[in-house]
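[1] Can you look at this prediction? I've put the sequence above it.
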Amino acid sequence: MFPLTSAVQVKGSRRTTVDWFLVLIRVVLISLIVVGILAFIAQQIDPENAFAKWRNPGANRLTAAQFKGLVVTGLSQGAMYGLIALGYSMVYGVLGFINFAHGEVFMLGAFTGFVTSNKLAEAGLWEGAAFLPSVIMTAILAALIATGAAVLMERVAYRPLRGSPRLIPLITSIGVSFFIQNAVILLFGPGAKSYPSNPEWLQQKRSILTFEVEGTKILVLIVAAISMAGLWFFVERTKTGKAMRAVAEDKEIASLMGINVDRTIVTTFAVGGAMAGIAGILWGLLFRSVIATTGFLPGIKAFTAAVVGGVGNLGGAMAGGVSLGTAEATAPLVLLEPLGVDGVSQLRDAVAFTLLILVLLIKPTGLFGERLSSEDRA
Amino acid sequence: MSDTDTRVPLLEFRNINTHYGAVHILKDVNLAIYPGEMVSLLGGNASGKSTTLKTLLGMVTPTSGEVVLDGEVVNDKPTSYRVERGVTMVPENRRLFKRLSVKENLELGAYLRNDKDGIAEDLERIYTMFPRVKERLNQKSGTLSGGEQQMVAMGRALMSSPRVLLMDEPSMGLAPALVQTNFELIQQIHEEGIAIFMVEQNANMALSLADRGWVLQTGRVVLDDTAENLLANPELQKSYLGGA
């Protein structure tokens, strides 16, 4: 299958230089993590501790409030990654290739939100009691546009390539990604676009279980949780969802059951697109700014989340998203600062991709992944 | 079989030719399966047995000739059309959806049906036929033993309420002790009035149950006779039945 999931060593084969190099990377990364965490613990017990001072002379205790703040930020971003990751994972499950244009579907959702929210703000509906219905409407619209984009993409770019080697749709998806980015630049210009500001009452902090959380983040977490629950219900409990899982496992036998495989594949793209569209709105609410390249980094991170959770596994995609978000929010201060690294707040992306490398080195199938190889079907 | 010849065949091949690219797989094949009978297709490796099944189900389109279902030419009809009209298959090696539960596998068998009561009735029928299956309904089907998987595969096929069941090498990959049980199950299904079209390597066993049989050799039907005559055929004895 895809090289990402088949990095399995043959037992008894001789270890090559490359193997030793990979072992070295594992050892170094894990030692860094262990030392970083120990130094963090030392610093929390006593900032004057010699071990804490060893790499970071300016060691300072992190307050509980600061730490909780990081966790909440991480969770809300992670929920967004998780929503996008679902699309990568579902399409991979059904077609066995990574749709790199999926990040652009997310970006289209964010742009739909930009247009709609500004129209609603002009009409005075982006505040007060009208805000929540407006957000719901915007989210539905963004989900629709994103769904349309994903379905169109499948029809125009990927379906003609069905049956060709896996690398070909993969490369096509990169092309589709560039196409959509440039189309958006043509439509909206290359500059950043702003969402209207969120209403006062949403920006206020509320305390939940001793966590002081900004209302926007609560909203993001609630919307993400509802969407994920809805998707779970769809995939696990409906007839179409059952057909989707059957197609993911064995297309020939699925069609023998009378399942329309093409239509099921379209449904998969549509559902993944809807999730990405909703994630786009959440991005807009959280960062209030969107640009044609907005889809790139969150897209790649969501792909990372899908791999971390075990690509093809929906629960894994959600869990991968949340762990990735939390890791990149907390690791700079919990791990890297005690190690004496400079400018840690700039290193979120490095953390995310180091996590990817680590998972690929240690458990290539991801945290919750099963082997997806054809031998499963023998 | 003059008494069956007056009836309309359920499923029929008329001068079927099938190609994979430039390779000629089936050559002028004629077959007819009548309602309620048990027939068997024998042949060695690469004789075209699997292609015959795929062509019957519409997974492969013939280059010439007609596939006829209830007197209607269905060459350009999709698999789902044929499944809806009572043709279904138990695939070689069972091919269950291993990550889905046993219950879900059975439900997928009835994917094209909308009669809730009929589906519930058929589920009950399968539970009585295979009590072991009922015990494992919520287990992932991949965790079942080979024999149990065979039961689920048959149950799944029966859930589409078929009139003819195509069986691709039913004894393949089963422990020898299970092969006999398996043939008894097929017999049992047949007794409910479902026609069986069995593709089998185990020619002795297959012919002892079947009414008629065909022998396929490199894509051509070389023998077409009653099961008794085939069993007695010295040439067949030598090449397939392992007798002297």
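    Arrived safely. For clarity, every value in this text was computed on a predicted model and none was experimentally measured. Numbers count the residues shown, from 1 in each chain, chains lettered A, B, ... in the order given.
[2] Residue A:168 - nearest residue in space that isn't next to it in sequence?
    In space, and not counting its chain neighbours, residue A:168 is closest to residue A:161: 5.5 Å by Cβ to Cβ, 6 or more residues apart in numbering or on different chains. The C-beta positions use only the backbone N, C-alpha and C, and glycine is treated the same way.
[3] Show the pLDDT at the one you found.
    The model reports residue A:161 with a pLDDT of 93.
[4] how close does it sit to residue A:317?
    For residue A:161, the distance to residue A:317 (Cβ to Cβ, to the nearest Å) stands at 24 Å.
[5] Kindly report the same for residue A:84.
    From residue A:84 over to residue A:317 the distance is 9 Å, taken as Cβ to Cβ.
[6] Overlap of the contact sets of these two?
    residue A:305 (Cβ atoms under 8 Å, 6 or more residues apart in numbering or on different chains).
[7] quick one on the thing from earlier: the residue nearest to residue A:168 reaches residue A:170, doesn't it?
    No - Residue A:161 lies out of contact with residue A:170 (Cβ atoms under 8 Å); the separation is 9.8 Å.
[8] which SS state does the residue nearest the centre of chain B fall under?
    The centre of chain B sits closest to residue B:166, judged by Cα atoms, centre = their mean, with a distance of 1.5 Å. With DSSP: H, G, I helix; E, B strand; the rest coil as the basis, residue B:166 sits in strand.
[9] so where does the closest residue to it other than its chain neighbours fall, helix or strand?
    In this structure, residue B:166 finds its nearest non-sequential neighbour in residue B:89, 4.1 Å apart by Cβ to Cβ, 6+ apart. Per DSSP states H and E, residue B:89 falls inside strand B:87-90.
[10] what's next to the host helix or strand of residue B:27, contact-wise?
    Using DSSP H and E, the element containing residue B:27 is strand B:23-33. Strand B:23-33 is contacted from outside by B:9-19, B:39, B:41, B:48, B:51-52, B:55, B:62, B:65, B:164, B:195, B:197, B:214, B:216, B:218-221, using Cβ under 8 Å, 6+ apart.
[11] what is the rounded mean pLDDT of the helix or strand containing residue B:228?
    Counting by DSSP H and E, the element that carries residue B:228 is helix B:227-232. Averaging pLDDT along helix B:227-232 gives 87.
[12] what comes up buried for that helix?
    B:227, B:230-231 (16 or more other Cβ atoms under 10 Å in any protein chain shown).
[13] Looking at those, which one is closest to chain A?
    residue B:227 (27.5 Å; Cβ to the nearest Cβ).
[14] In contact with the closest one, which residues are there?
    B:40, B:207-213.
[15] quick revisit: ok now the helix holding residue B:228, how far from the chain's centre?
    Relative to the chain's own centre, helix B:227-232 is displaced by 20 Å; criterion: Cα atoms, centre = their mean, to the nearest Å.
[16] number of nearby residues for residue 168?
    By default, I'm working from chain A. 13 (other Cβ atoms under 10 Å in any protein chain shown).
[17] actually it's chain B I care about, not the one you picked
    22.
[18] Return the set of buried residues in the host helix or strand of residue A:230.
    Assigned by DSSP H and E, residue A:230 falls within helix A:215-237. For helix A:215-237, the neighbour count (16+ other Cβ under 10 Å) marks A:215-221, A:223-224, A:227-228, A:231, A:235 as buried.
[19] Show residues contacting that helix.
    A:72-73, A:75-76, A:79-80, A:82-83, A:86, A:135, A:139, A:198, A:201-206, A:208, A:240-241, A:244-245, A:271, A:275, A:278-279, A:281-282, A:285-286, A:314, A:318.
[20] Check these for burial and list the buried ones.
    A:72-73, A:75-76, A:79-80, A:82-83, A:86, A:135, A:139, A:198, A:202, A:241, A:244-245, A:271, A:275, A:278-279, A:281-282, A:285-286, A:314, A:318.
[21] and the residue lying closest to residue B:101 once chain neighbours are set aside, backbone torsions?
    Nearest non-adjacent residue to residue B:101, counting by Cβ to Cβ, 6+ apart: residue B:138, 5.3 Å away. Torsion angles at residue B:138 (phi, psi; degrees, to the nearest 10) stand at phi -100, psi 0.
[22] Helices of chain B, start to end?
    B:2-5, B:49-57, B:79-84, B:102-109, B:116-129, B:131-135, B:146-158, B:176-191, B:203-209, B:227-232, B:234-236 (DSSP state H).
[23] so can I have TSV of those helices showing distance to residue A:301?
    Formatted as TSV, those follow (distance: least, Cβ to Cβ, whole Å):
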stretch	distance to residue A:301
helix B:2-5	66
helix B:49-57	43
helix B:79-84	40
helix B:102-109	33
helix B:116-129	44
helix B:131-135	44
helix B:146-158	40
helix B:176-191	50
helix B:203-209	57
helix B:227-232	64
helix B:234-236	65
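[24] rank those by mean pLDDT and give me the bottom one.
    helix B:2-5 (a mean of 51).
[25] Specify which member of the contacts of residue B:227 is nearest to chain A.
    Distance to chain A, by Cβ to the nearest Cβ, is smallest for residue B:40 among these, at 20.9 Å.
[26] quick one: contacts for that closest one?
    B:197-200, B:203, B:206-207, B:209-210, B:212-214, B:227.
[27] near chain B, from the contacts of helix A:215-237?
    Restricting these to those near chain B by Cβ under 8 Å from any Cβ of the partner chain leaves residue A:245.
[28] Filter the contacts of helix A:215-237 down to the ones in helices?
    Reading helices off the contacts of helix A:215-237 with DSSP H, I get A:72-73, A:75-76, A:79-80, A:82-83, A:86, A:135, A:139, A:201-203, A:240-241, A:244-245, A:271, A:275, A:278-279, A:281-282, A:285-286, A:314, A:318.
[29] pretty sure residue B:99 contacts residue B:143?
    No - using Cβ under 8 Å, residue B:99 makes no contact with residue B:143, being 10.2 Å away.
[30] what sits against the residue of the stretch 201-350 of chain A found nearest chain B?
    Per Cβ to the nearest Cβ, residue A:258 is where the stretch 201-350 of chain A lies closest to chain B, at 3.9 Å. Counting by Cβ under 8 Å, 6+ apart, residue A:258 makes contact with B:79-80, B:83-84, B:111-112, B:160.
[31] Try it again at 10 Å.
    A:243, B:78-84, B:88, B:108-113, B:160 (Cβ atoms under 10 Å, 6 or more residues apart in numbering or on different chains).
[32] Please tell me which one of those counts the most neighbours.
    residue B:109 (29 neighbours).
[33] rewinding a little: can you name every helix or strand that the strand holding residue B:89 contacts?
    On a contact count with 3 or more Cβ pairs under 10 Å, 6 or more residues apart in numbering or on different chains; DSSP states H and E, strand B:87-90 meets helix A:251-256, helix B:49-57, helix B:79-84, helix B:146-158, strand B:164-168, strand B:195-199.
[34] In its sheet, which strands sit next to that strand, and in what direction?
    Note on strand B:87-90: by DSSP bridges, its sheet partners are strand B:164-168 (parallel).
[35] The strand it pairs with vs helix B:49-57, what angle?
    150 degrees (axes from the mean of the first three to the mean of the last three Cα atoms, to 10 degrees).
[36] average pLDDT for strand B:164-168?
    93.
[37] now swap in stretch A:49-65 and tell me
    Averaged across stretch A:49-65, the pLDDT comes to 73.
[38] could you dump it to PDB, C-alpha only?
    What follows is stretch A:49-65 as a C-alpha-only set of coordinates in PDB (Å, rounded to 0.1, in the frame of the first residue of the first chain):
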ATOM      1  CA  ASN A  49      17.100  24.200  40.600                       C
ATOM      2  CA  ALA A  50      20.500  23.600  39.100                       C
ATOM      3  CA  PHE A  51      19.100  21.100  36.500                       C
ATOM      4  CA  ALA A  52      16.500  23.700  35.400                       C
ATOM      5  CA  LYS A  53      19.200  26.300  35.200                       C
ATOM      6  CA  TRP A  54      21.500  24.000  33.200                       C
ATOM      7  CA  ARG A  55      20.100  24.700  29.800                       C
ATOM      8  CA  ASN A  56      17.900  27.700  30.500                       C
ATOM      9  CA  PRO A  57      19.400  30.200  33.000                       C
ATOM     10  CA  GLY A  58      16.300  32.300  32.900                       C
ATOM     11  CA  ALA A  59      14.000  29.500  34.000                       C
ATOM     12  CA  ASN A  60      10.700  30.600  35.400                       C
ATOM     13  CA  ARG A  61       7.800  28.700  36.800                       C
ATOM     14  CA  LEU A  62       4.800  28.300  34.400                       C
ATOM     15  CA  THR A  63       1.700  29.200  36.300                       C
ATOM     16  CA  ALA A  64      -1.300  26.900  36.300                       C
ATOM     17  CA  ALA A  65      -3.400  29.500  34.500                       C
END
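[39] Fine, thanks again, bye for now.
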